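Colleague: what's the 3D shape of this:
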Amino acid sequence: MGRYALLKRYEIMREEFVFPEKLPLAYAYPRKKPLPFVYRGLGREERDLYDPLADPLPEEAAALIGRLEEGTLSLPALWEDREKTLLYASCFDGAEDYECLFAAPPEEDAPEDLVLLGFDAGYAPEEELFSAVSDLFFFPLWQPDATGRAFSAEFRSLNENGLFRTPEEAGAFAARCETVFGDGALLPLAIYLVPED
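Modeller: The predicted model follows:
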C-alpha cells in the first residue's frame with residue numbers, strides 16, 4: 001500500500017550526510033564534475049516528530065502534533081492521508097528543506113495530479129523507508145560496494161531523478177542486490193512528487 005513521505009531535499013542531504021568511517025564513498029562521490037542528475041528516492045532523511053517545531057505553531061498544526069504525541073493519531077495513519085501529511089509538513093522549522101513524495105508498488109494507482117519521478121528499490125513503504133539505490137549509489141550505510149564498479153551499469157541507467165526508468169529495471173536491480181547482499185525483501189517502488197501549491 002502506498003504512503004506519503006516528507007524527505008530531505010537531495011541538496012540538503014548531500015551537505016549534511018556524514019559518511020560512516022571505513023566505508024568507501026558511494027558511486028556518486030567524489031566527482032570532478034557535477035552528476036547529470038539528483039537523487040529523489042526514499043533514501044533521504046524523513047521528517048521526524050522530534051524535529052524543531054515552527055514558532056508560532058498555527059492552531060490546526062498544534063492540534064495535529066498533540067494528537068500524535070498523545071497517541072490518538074499514529075504516524076503510519078498520517079502517512080496515508082495527503083492533507084494530514086501536508087499539515088504535518090507545515091508544523092516544523094525548515095519546511096523548505098523537505099519535499100513531499102508518494103511511494104507505492106508500481107501496480108497501485110496513485111492520485112492523478114502526482115508526477116512520476118521514477119522507480120526505486122526498497123522495502124514495502126508501510127514498513128520502513130529504505131532504498132537500495134540510495135544505499136549503494138548515494139548515501140551508503142549498510143551494503144556498500146567496495147569496488148565502486150560492480151553496479152556501474154545500473155548506476156549509469158538512472159534517470160535525472162537518480163531512479164530507474166521502469167519497474168522492470170528496479171526489479172532487476174532488487175534481484176541482483178538479493179544475489180549479492182542476501183536481501184530478499186527489496187521490491188520496485190514507484191516514486192511520485194506531490195506538486196507544491
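
Colleague: Only C-alpha atoms from now on, for both contacts and neighbour counts.
Modeller: OK.

Colleague: Quick one: residues contacting the residue of the chain most remote from its centre.
Modeller: Distance from the C-alpha centroid of the chain, by Cα atoms, centre = their mean, peaks at Glu59 (29.1 Å). By Cα atoms under 8 Å, 6 or more residues apart in numbering, no residues touch Glu59.

Colleague: what ranges do the helices span in this structure?
Modeller: Taking DSSP state H, the helices of the chain run over residues 10-16, 59-70, 75-79, 82-89, 132-133, 152-156, 167-181.

Colleague: Can you say which of the ones you listed is packed in most?
Modeller: helix 132-133 (a mean of 28; mean count of other Cα atoms under 10 Å).

Colleague: which outside residues touch it?
Modeller: So helix 132-133 is in contact with Gly41, Gly43, Asp120, Ala121, Gly122, Leu163, Ala174, Cys177, Leu186, going by Cα under 8 Å, 6+ apart.

Colleague: Surely the second one is in contact with Leu129?
Modeller: To tie it back to what came earlier, the one meant is Gly43. Yes. Using Cα atoms under 8 Å, Gly43 makes contact with Leu129 at a distance of 6.9 Å.

Colleague: Look at these two and report which has more neighbours.
Modeller: The neighbour comparison of Gly43 against Leu129 (other Cα atoms under 10 Å) goes to Gly43, with 24 against 17.

Colleague: And the residue positioned nearest the centre of the chain, how close does it get to Pro56?
Modeller: Residue closest to the mean C-alpha point of the chain, counted by Cα atoms, centre = their mean, is Leu42 at 1.5 Å. Applying Cα to Cα, to the nearest Å, one obtains 30 Å for the distance of Leu42 from Pro56.

Colleague: Right, I'll leave it there.
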